[in-house]
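Engineer: have a look at this prediction, sequence included:
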Amino acid sequence: MSNNFFHTVLENGVTGPSLQVLAMLDGAGLTLQQSSVQLAPSLERGLVALENRFGRQEMIEAAKPVVTALLKEWEELQQQRESNQ
């Protein structure tokens, strides 16, 4: 996914400024992979919003498997956190 498309997807999937979300993740000292996993729900919402607005597009379809894999990791992380409580 190109940087421009990533930012467009993120902007359409977060509430509030996407750059602020990215700055918070950067400030938390997360790796790129960890940040990507944390952004998975927002990226999924962004892809859905873009697809609803523009219909099926090649860039959206190409990004779906990537976001789906990240979302799976995010869900597993959430389950681990719930188990540890």
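Structural biologist: Thanks, I have the structure now.
Engineer: okay, now Leu70: neighbour count?
Structural biologist: Neighbourhood size, Leu70 [other C-beta atoms under 10 Å]: 19. C-beta here means a position set from N, CA and C on the backbone, and glycine is covered the same way.
Engineer: contacts only, for it.
Structural biologist: Ser36, Val37, Leu39, Ala40, Leu43 (C-beta atoms under 8 Å, 6 or more residues apart in numbering).
Engineer: wait, the fourth one touches Leu71, no?
Structural biologist: Think Ala40. Yes. If you go by C-beta atoms under 8 Å, Ala40 and Leu71 touch, sitting 4.3 Å apart.
Engineer: now Gly46, nearest residue through space, not along the chain?
Structural biologist: Closest residue in space to Gly46, ignoring its immediate chain neighbours: Gly13 at 2.9 Å, by C-beta to C-beta, 6 or more residues apart in numbering.
Engineer: now do the phi/psi pair for the one you found.
Structural biologist: When read as degrees, to the nearest 10, the backbone of Gly13 gives phi -120, psi -10.
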